[in-house]
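Enquirer: Dropping the sequence and predicted coords here.
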Amino acid sequence: MAEQKIALVTGASAGFGRAITRRLAHDGYKVIATARRQDKLEQLAQELSGNVYPVVMDMADSKEIEKTLQNLPAEWQEIDVLVNNAGLALGVDPIPNISLSDWDQMIQTNVIGLIHLTQLTISGMLKREKGHVLSLGSIAGTYPYPGGNVYGATKAFIAQFMLNLKTDLLGTSIRVTNIEPGLCGGTEFSEVRLQDPQKAKAVYDGTTPLTAEDIAETVSWIVGLPSHVNINRIEMMPVCQAPAGVAVARK
Ligand code: 8X3
């Protein structure tokens, strides 16, 4: 039997991260599941008995990321697939009604944490001459919308970082993919962003959004493709969404 591959999934306590962890474990991976909430990680580890190594790690704390990677047990160190899923949006108010600390927090988690973890993981992949780095971008990194300001900018950063990473890794066998979903329901994304359960629910009124399982299915497909195939970026929307909306101010 082929050796079991190891994946590391960030933000694994809920939403996309939990669905991706479940899917990869069912696909036969051993998954290092990281997040801030220990109880949720423990539940997931119990559910996927033996195939998940739960690690409490805050993506906003680069020192903790480094320590976590250094302290992985020997049998969990050779990471084949990194899924940079952890990230958040805070607020939808247009400039100037924003909170600078919200902006900082998004940049710290979505950008700084992601690039640090990626760099630390890639060195091992290069030594072993194999690996796949996937990040969760967003359509907000391509299409602007009111109040998208720094959230969209972090996702644009991720998209370009992943394309540049692919370019730097040319000539190696390491694969790099950015997954860019649109409206996706059934996760904590809008509750975290809006801090209001009613408003969060209203985001999905009258729609059939993507689900976390749709994203997990896509990850599973991308990592399972033959090793010479690289999906650079993939944009996903539910059928009820379209990338329209160039704005004009009229007097
Ligand atoms: C999540 C999708 O459209 O709310 O990144 O920005 S959107």
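Expert: Now that the structure is in, tell me what you want to look at.

Enquirer: Break down this structure into its strands, ranges please.
Expert: 6-10, 30-35, 52-56, 81-84, 132-136, 175-181, 233-236 (DSSP state E).

Enquirer: just so I know, which of these lies nearest the ligand?
Expert: strand 175-181 (6.1 Å; C-beta to the nearest ligand atom). The way it works is simple: take the backbone N, C-alpha and C, and place the C-beta from them, glycine included.

Enquirer: Sort out which residues of stretch 167-184 are buried, please.
Expert: 169, 174-184 (16 or more other C-beta atoms under 10 Å).

Enquirer: Output those residues as JSON lines; include the columns pLDDT and distance to the ligand.
Expert: Shown next, in JSON lines, are the buried residues of stretch 167-184 (pLDDT from 0 to 100; distance: C-beta to the nearest ligand atom, whole Å):
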{"residue": "169", "pLDDT": "97", "distance to the ligand": "25"}
{"residue": "174", "pLDDT": "98", "distance to the ligand": "26"}
{"residue": "175", "pLDDT": "98", "distance to the ligand": "23"}
{"residue": "176", "pLDDT": "98", "distance to the ligand": "20"}
{"residue": "177", "pLDDT": "98", "distance to the ligand": "16"}
{"residue": "178", "pLDDT": "98", "distance to the ligand": "12"}
{"residue": "179", "pLDDT": "98", "distance to the ligand": "11"}
{"residue": "180", "pLDDT": "98", "distance to the ligand": "8"}
{"residue": "181", "pLDDT": "98", "distance to the ligand": "6"}
{"residue": "182", "pLDDT": "97", "distance to the ligand": "5"}
{"residue": "183", "pLDDT": "96", "distance to the ligand": "6"}
{"residue": "184", "pLDDT": "95", "distance to the ligand": "6"}
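
Enquirer: Write out the residues of the chain neighbouring the ligand.
Expert: 138-140, 182-183 (C-beta under 6 Å from any ligand atom).

Enquirer: now those as a markdown table including distance to residue 208?
Expert: Compiled in a markdown table, the residues of the chain next to the ligand are given as follows (distance: C-beta to C-beta, whole Å):
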| residue | distance to residue 208 |
| --- | --- |
| 138 | 19 |
| 139 | 17 |
| 140 | 20 |
| 182 | 12 |
| 183 | 9 |
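
Enquirer: Would you map the helices across the chain?
Expert: In the chain, the segments counted as helices under DSSP state H are 15-26, 38-47, 62-70, 100-106, 114-128, 149-168, 189-194, 197-202, 212-224.

Enquirer: Need the winner for burial among the ones you listed.
Expert: Among the helices of the chain, judged by mean count of other C-beta atoms under 10 Å, the one packed with the most neighbours on average is helix 15-26 (a mean of 24).

Enquirer: Packing partners of that one?
Expert: Helices and strands touching helix 15-26, by 3 or more C-beta pairs under 8 Å, 6 or more residues apart in numbering; DSSP states H and E, are strand 6-10, strand 30-35, helix 38-47, strand 81-84, helix 212-224.

Enquirer: Make JSON lines out of the ones you listed and add mean pLDDT.
Expert: Shown next, in JSON lines, are the helices and strands packed on helix 15-26 (pLDDT from 0 to 100):
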{"stretch": "strand 6-10", "mean pLDDT": "98"}
{"stretch": "strand 30-35", "mean pLDDT": "97"}
{"stretch": "helix 38-47", "mean pLDDT": "96"}
{"stretch": "strand 81-84", "mean pLDDT": "98"}
{"stretch": "helix 212-224", "mean pLDDT": "98"}
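
Enquirer: No further queries at this time; thank you.
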